[in-house]
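S.K.: have a look at this prediction, sequence included:
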Amino acid sequence: MVERGVAVVVEDDDDIRTTLTEVLQQSGFAVHSTASGVAGVDAVREHNPDIVTMDVGLPDFDGIEASRRIRTFSDAYLIIVSGRVDEADTLMGFEAGADDYLTKPFRPRELRARIAAMLRRPRTLQAAPAERALPPRRGEQHPPRQARQGNLAGQQPRESPEGEPGSPAEPGCCDFAHRGLSLHEASRQAAINGEPVDLTRTQFDILLVLMENGRTVQTKADLVRRLRNEPYNTGSFVTAGEERAVEVHVGNLRKRLGDSSQNPCWVETVRGVGYRMTP
(Lines give C-alpha, C1' and ligand atoms only; values in the text may rest on other atoms or scores of the structure.)
Protein backbone atom coordinates (compact mmCIF):
# COMPACT_ATOMS: atom_id res chain seq x y z
CA MET A 1 0.00 0.00 0.00
CA VAL A 2 1.28 3.43 -0.92
CA GLU A 3 1.69 5.62 2.14
CA ARG A 4 -0.49 8.74 1.88
CA GLY A 5 1.03 10.65 4.77
CA VAL A 6 0.94 10.95 8.54
CA ALA A 7 -2.07 11.04 10.84
CA VAL A 8 -2.49 11.80 14.54
CA VAL A 9 -5.44 10.36 16.49
CA VAL A 10 -6.46 12.12 19.71
CA GLU A 11 -9.03 9.93 21.49
CA ASP A 12 -9.30 8.79 25.11
CA ASP A 13 -11.59 5.81 24.44
CA ASP A 14 -9.40 2.77 23.78
CA ASP A 15 -11.83 1.02 21.41
CA ILE A 16 -12.57 4.12 19.31
CA ARG A 17 -8.88 5.04 19.23
CA THR A 18 -8.10 1.56 17.90
CA THR A 19 -10.86 1.82 15.28
CA LEU A 20 -9.68 5.23 14.08
CA THR A 21 -6.09 4.01 13.94
CA GLU A 22 -7.07 0.96 11.87
CA VAL A 23 -9.20 3.01 9.45
CA LEU A 24 -6.39 5.49 8.86
CA GLN A 25 -3.76 2.76 8.51
CA GLN A 26 -5.96 0.95 5.98
CA SER A 27 -6.21 4.26 4.10
CA GLY A 28 -2.42 4.39 3.87
CA PHE A 29 -1.45 6.69 6.75
CA ALA A 30 1.30 6.25 9.30
CA VAL A 31 -0.65 6.80 12.53
CA HIS A 32 0.40 8.21 15.92
CA SER A 33 -2.32 7.85 18.54
CA THR A 34 -2.70 9.72 21.82
CA ALA A 35 -5.25 9.80 24.64
CA SER A 36 -5.12 13.40 25.95
CA GLY A 37 -5.16 16.98 24.74
CA VAL A 38 -1.60 17.76 25.81
CA ALA A 39 -0.21 14.61 24.20
CA GLY A 40 -2.24 15.27 21.05
CA VAL A 41 -0.96 18.82 20.62
CA ASP A 42 2.61 17.61 21.23
CA ALA A 43 2.19 14.79 18.70
CA VAL A 44 0.96 17.22 16.03
CA ARG A 45 3.88 19.52 16.72
CA GLU A 46 6.36 16.62 16.53
CA HIS A 47 5.03 14.70 13.51
CA ASN A 48 3.54 17.50 11.35
CA PRO A 49 0.63 15.28 10.21
CA ASP A 50 -1.61 15.58 7.19
CA ILE A 51 -4.71 14.46 9.15
CA VAL A 52 -5.72 14.92 12.78
CA THR A 53 -8.81 13.33 14.33
CA MET A 54 -9.85 14.99 17.57
CA ASP A 55 -12.19 13.81 20.32
CA VAL A 56 -13.96 16.53 22.33
CA GLY A 57 -14.24 14.88 25.76
CA LEU A 58 -10.58 14.50 26.72
CA PRO A 59 -9.32 13.95 30.29
CA ASP A 60 -7.17 17.12 30.62
CA PHE A 61 -8.76 19.81 28.41
CA ASP A 62 -11.39 19.39 25.70
CA GLY A 63 -10.79 18.87 22.02
CA ILE A 64 -12.05 22.35 21.18
CA GLU A 65 -9.19 23.90 23.12
CA ALA A 66 -6.75 21.36 21.68
CA SER A 67 -7.93 22.30 18.17
CA ARG A 68 -7.39 25.99 18.88
CA ARG A 69 -3.84 25.30 20.06
CA ILE A 70 -3.07 23.12 17.03
CA ARG A 71 -4.34 25.82 14.68
CA THR A 72 -1.70 28.23 16.00
CA PHE A 73 1.07 26.23 14.30
CA SER A 74 -0.41 23.54 12.01
CA ASP A 75 -2.45 23.49 8.81
CA ALA A 76 -3.28 19.77 9.09
CA TYR A 77 -6.75 18.63 8.10
CA LEU A 78 -8.57 18.48 11.42
CA ILE A 79 -11.65 16.32 11.89
CA ILE A 80 -13.50 16.43 15.19
CA VAL A 81 -14.99 13.02 16.00
CA SER A 82 -17.42 13.45 18.87
CA GLY A 83 -20.50 12.00 20.48
CA ARG A 84 -21.91 15.52 20.94
CA VAL A 85 -24.61 16.10 18.35
CA ASP A 86 -25.91 19.58 19.25
CA GLU A 87 -25.49 22.23 16.59
CA ALA A 88 -23.75 24.48 19.12
CA ASP A 89 -21.01 21.88 19.60
CA THR A 90 -20.56 21.51 15.86
CA LEU A 91 -20.26 25.28 15.39
CA MET A 92 -17.77 25.54 18.25
CA GLY A 93 -15.67 22.92 16.49
CA PHE A 94 -15.64 24.86 13.23
CA GLU A 95 -14.88 28.09 15.08
CA ALA A 96 -11.90 26.36 16.70
CA GLY A 97 -10.50 25.61 13.24
CA ALA A 98 -11.89 22.15 12.41
CA ASP A 99 -12.31 21.26 8.74
CA ASP A 100 -15.00 18.67 9.43
CA TYR A 101 -17.16 17.33 12.26
CA LEU A 102 -18.16 13.67 12.47
CA THR A 103 -20.52 12.36 15.13
CA LYS A 104 -20.18 9.04 16.94
CA PRO A 105 -20.99 6.31 16.23
CA PHE A 106 -19.45 6.82 12.80
CA ARG A 107 -19.16 4.55 9.79
CA PRO A 108 -15.54 3.85 8.76
CA ARG A 109 -16.53 4.17 5.10
CA GLU A 110 -17.88 7.67 5.72
CA LEU A 111 -14.68 8.70 7.51
CA ARG A 112 -12.61 7.44 4.58
CA ALA A 113 -14.82 9.35 2.13
CA ARG A 114 -14.51 12.60 4.11
CA ILE A 115 -10.74 12.23 4.27
CA ALA A 116 -10.56 11.55 0.53
CA ALA A 117 -12.64 14.67 -0.16
CA MET A 118 -10.36 16.85 1.95
CA LEU A 119 -7.21 15.44 0.39
CA ARG A 120 -8.41 16.63 -3.01
CA ARG A 121 -7.82 20.16 -1.74
CA PRO A 122 -4.24 21.48 -1.43
CA ARG A 123 -2.70 21.28 2.02
CA THR A 124 0.89 22.44 2.05
CA LEU A 125 2.24 25.92 1.46
CA GLN A 126 4.61 25.07 -1.35
CA ALA A 127 7.23 27.46 -2.57
CA ALA A 128 6.05 29.34 -5.63
CA PRO A 129 8.07 29.48 -8.84
CA ALA A 130 10.49 32.36 -9.04
CA GLU A 131 8.39 34.22 -11.57
CA ARG A 132 5.40 34.21 -9.16
CA ALA A 133 6.62 36.45 -6.38
CA LEU A 134 5.04 36.26 -2.95
CA PRO A 135 3.54 39.30 -1.25
CA PRO A 136 6.50 41.37 -0.01
CA ARG A 137 6.88 41.78 3.72
CA ARG A 138 7.59 45.23 5.00
CA GLY A 139 11.14 46.22 4.19
CA GLU A 140 11.46 43.54 1.52
CA GLN A 141 11.25 43.93 -2.23
CA HIS A 142 10.66 41.37 -4.93
CA PRO A 143 11.22 41.76 -8.66
CA PRO A 144 8.04 42.39 -10.67
CA ARG A 145 6.41 39.52 -12.48
CA GLN A 146 3.83 39.17 -15.18
CA ALA A 147 0.32 39.28 -13.75
CA ARG A 148 -1.84 36.23 -14.09
CA GLN A 149 -3.80 36.38 -17.34
CA GLY A 150 -7.48 36.27 -16.52
CA ASN A 151 -9.34 35.60 -13.34
CA LEU A 152 -10.22 32.01 -14.15
CA ALA A 153 -8.37 29.35 -16.08
CA GLY A 154 -8.89 29.69 -19.80
CA GLN A 155 -10.31 33.23 -19.65
CA GLN A 156 -8.81 36.19 -21.41
CA PRO A 157 -7.63 39.05 -19.22
CA ARG A 158 -10.28 41.69 -18.82
CA GLU A 159 -9.78 45.38 -18.57
CA SER A 160 -10.86 46.73 -15.22
CA PRO A 161 -10.03 49.58 -12.88
CA GLU A 162 -7.24 48.99 -10.38
CA GLY A 163 -8.56 47.21 -7.32
CA GLU A 164 -11.79 45.98 -8.92
CA PRO A 165 -12.78 42.72 -7.20
CA GLY A 166 -12.00 39.67 -9.30
CA SER A 167 -9.38 41.45 -11.40
CA PRO A 168 -5.85 40.05 -11.75
CA ALA A 169 -3.26 41.66 -9.54
CA GLU A 170 -0.80 44.18 -10.85
CA PRO A 171 2.77 43.04 -11.62
CA GLY A 172 4.82 42.59 -8.44
CA CYS A 173 1.76 41.59 -6.43
CA CYS A 174 -0.23 38.32 -6.53
CA ASP A 175 -2.94 36.51 -8.48
CA PHE A 176 -5.81 38.64 -7.14
CA ALA A 177 -5.84 41.98 -5.36
CA HIS A 178 -8.61 44.17 -3.97
CA ARG A 179 -8.38 47.14 -1.62
CA GLY A 180 -4.95 46.13 -0.34
CA LEU A 181 -5.90 42.46 0.10
CA SER A 182 -3.81 40.20 -2.14
CA LEU A 183 -3.95 36.47 -2.77
CA HIS A 184 -1.30 34.13 -4.16
CA GLU A 185 -2.89 30.85 -5.19
CA ALA A 186 0.19 28.70 -5.82
CA SER A 187 1.69 29.34 -2.39
CA ARG A 188 -1.74 29.69 -0.75
CA GLN A 189 -0.75 32.91 0.96
CA ALA A 190 -2.73 36.07 1.61
CA ALA A 191 -1.54 39.53 2.60
CA ILE A 192 -3.03 42.88 3.55
CA ASN A 193 -0.91 45.81 2.39
CA GLY A 194 2.03 43.44 2.11
CA GLU A 195 1.63 41.97 5.62
CA PRO A 196 0.98 38.18 5.52
CA VAL A 197 -2.36 37.01 6.95
CA ASP A 198 -2.60 33.54 8.46
CA LEU A 199 -5.66 31.75 7.04
CA THR A 200 -6.81 28.18 7.51
CA ARG A 201 -7.16 26.04 4.41
CA THR A 202 -10.94 26.43 4.33
CA GLN A 203 -10.77 30.19 4.86
CA PHE A 204 -8.27 30.51 2.00
CA ASP A 205 -10.43 28.39 -0.31
CA ILE A 206 -13.51 30.51 0.40
CA LEU A 207 -11.61 33.75 -0.14
CA LEU A 208 -10.14 32.42 -3.38
CA VAL A 209 -13.61 31.59 -4.74
CA LEU A 210 -14.94 35.02 -3.79
CA MET A 211 -11.99 36.87 -5.31
CA GLU A 212 -12.16 34.78 -8.48
CA ASN A 213 -15.79 35.77 -8.94
CA GLY A 214 -15.65 39.39 -7.77
CA ARG A 215 -19.14 40.93 -7.70
CA THR A 216 -20.87 37.71 -8.77
CA VAL A 217 -22.73 36.38 -5.74
CA GLN A 218 -21.67 32.96 -4.48
CA THR A 219 -24.42 31.13 -2.64
CA LYS A 220 -23.66 29.08 0.44
CA ALA A 221 -24.39 25.95 -1.60
CA ASP A 222 -21.87 27.12 -4.23
CA LEU A 223 -19.23 27.45 -1.54
CA VAL A 224 -20.05 24.06 0.01
CA ARG A 225 -19.65 22.37 -3.37
CA ARG A 226 -16.44 24.23 -4.05
CA LEU A 227 -15.05 23.09 -0.69
CA ARG A 228 -15.96 19.55 -1.71
CA ASN A 229 -13.99 20.16 -4.91
CA GLU A 230 -17.14 19.74 -7.00
CA PRO A 231 -18.17 21.81 -10.02
CA TYR A 232 -21.18 24.05 -9.40
CA ASN A 233 -23.45 22.28 -11.87
CA THR A 234 -23.48 18.88 -10.17
CA GLY A 235 -26.71 19.68 -8.31
CA SER A 236 -25.49 17.58 -5.39
CA PHE A 237 -27.44 17.89 -2.17
CA VAL A 238 -26.25 20.44 0.37
CA THR A 239 -27.54 20.19 3.93
CA ALA A 240 -28.58 23.07 6.14
CA GLY A 241 -25.73 22.10 8.49
CA GLU A 242 -23.18 22.45 5.69
CA GLU A 243 -24.54 25.88 4.80
CA ARG A 244 -24.39 26.90 8.45
CA ALA A 245 -20.79 25.70 8.58
CA VAL A 246 -19.99 27.99 5.64
CA GLU A 247 -21.47 30.90 7.60
CA VAL A 248 -19.12 30.09 10.48
CA HIS A 249 -16.12 29.80 8.15
CA VAL A 250 -16.94 33.17 6.54
CA GLY A 251 -17.30 34.71 10.00
CA ASN A 252 -13.89 33.33 10.98
CA LEU A 253 -12.42 34.57 7.70
CA ARG A 254 -13.66 38.07 8.47
CA LYS A 255 -12.09 37.92 11.92
CA ARG A 256 -8.74 36.90 10.43
CA LEU A 257 -8.95 39.77 7.94
CA GLY A 258 -10.15 42.27 10.54
CA ASP A 259 -13.23 42.82 8.38
CA SER A 260 -16.73 43.83 9.49
CA SER A 261 -20.00 42.26 8.41
CA GLN A 262 -21.84 45.55 9.00
CA ASN A 263 -19.41 47.79 7.11
CA PRO A 264 -17.27 45.37 5.08
CA CYS A 265 -14.06 46.31 3.39
CA TRP A 266 -13.77 43.02 1.46
CA VAL A 267 -16.42 40.32 1.99
CA GLU A 268 -19.99 41.47 1.54
CA THR A 269 -23.09 39.53 2.59
CA VAL A 270 -26.01 39.47 0.17
CA ARG A 271 -28.80 38.77 2.63
CA GLY A 272 -30.67 35.56 1.96
CA VAL A 273 -28.41 34.67 -0.98
CA GLY A 274 -24.70 34.42 -0.18
CA TYR A 275 -21.48 36.40 -0.41
CA ARG A 276 -19.41 38.47 -2.85
CA MET A 277 -16.54 40.91 -2.81
CA THR A 278 -17.23 44.57 -2.10
CA PRO A 279 -17.20 47.13 -4.95
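M.R.: That came through, no problem. Numbering: from 1, shown residues only.
S.K.: mind listing what's buried in the helix or strand harbouring Val38?
M.R.: If you go by DSSP states H and E, Val38 is part of helix 37-47. By neighbour count on 16 or more other C-beta atoms under 10 Å, the buried set for helix 37-47 is Gly37, Ala39, Gly40, Val41, Ala43, Val44, His47. The way it works is simple: take the backbone N, C-alpha and C, and place the C-beta from them, glycine included.
S.K.: closest one of the residues you listed to Glu212?
M.R.: Ranked by distance to Glu212 (C-beta to C-beta), these are led by Val44 at 31.3 Å.
S.K.: three-state assignment of the residue nearest in space to the middle of the chain?
M.R.: Taking C-alpha atoms, centre = their mean as the criterion, Thr202 is the residue nearest the geometric centre of the chain, at 1.7 Å. Assigned by DSSP: H, G, I helix; E, B strand; the rest coil, the conformation of Thr202 is helix.
S.K.: show the contacting residues for it.
M.R.: Neighbouring residues of Thr202 by C-beta atoms under 8 Å, 6 or more residues apart in numbering: Asp99, Leu227, His249.
S.K.: and the furthest pair within the buried residues of helix 37-47?
M.R.: Gly37 and His47, at 16.0 Å, using C-beta to C-beta across the buried residues of helix 37-47.
S.K.: and for the closest residue in space to Asp55 that isn't next to it in sequence, the neighbour number?
M.R.: Using C-beta to C-beta, 6 or more residues apart in numbering and skipping the chain neighbours, the partner closest in space to Asp55 is Glu11 (4.4 Å). When neighbours are defined as other C-beta atoms under 10 Å, Glu11 has 26 of them.
S.K.: for the lengthiest helix in the chain, name the packing helices and strands.
M.R.: In the chain, with assignment by DSSP state H, the single longest helix is helix 240-257. Identification of packing neighbours for helix 240-257 by 3 or more C-beta pairs under 8 Å, 6 or more residues apart in numbering; DSSP states H and E yields helix 87-95, helix 201-213, helix 220-227, strand 267-270.
S.K.: residues making contact with the shortest one?
M.R.: For strand 267-270, contacts defined as C-beta under 8 Å, 6+ apart pick out 207, 210, 217, 250, 253-254, 257, 259, 261, 275-278.
S.K.: got a list of what Asn91 touches?
M.R.: Quick fix: residue 91 reads Leu, not Asn. Arg244, Ala245, Val248.
S.K.: which among those count as buried?
M.R.: Burial by neighbour count, judged by 16+ other C-beta under 10 Å, picks out Ala245, Val248 from the contacts of Leu91.
S.K.: for Glu22, state which of the contacts of Leu91 is nearest.
M.R.: Ala245 (27.7 Å).
S.K.: unless I'm mixing things up, that closest one is touching Gly93, no?
M.R.: No. Counting by C-beta atoms under 8 Å, Ala245 stays clear of Gly93, with 9.3 Å between them.
S.K.: what touches both of the two?
M.R.: Shared contacts of Ala245 and Gly93, counting by C-beta under 8 Å, 6+ apart, come down to Tyr101.
S.K.: adding distance to Asp89, write the contacts of Leu91 out as TSV.
M.R.: TSV is the format used below for the contacts of Leu91 (distance: C-beta to C-beta, whole Å):
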residue	distance to Asp89
Arg244	13
Ala245	13
Val248	12
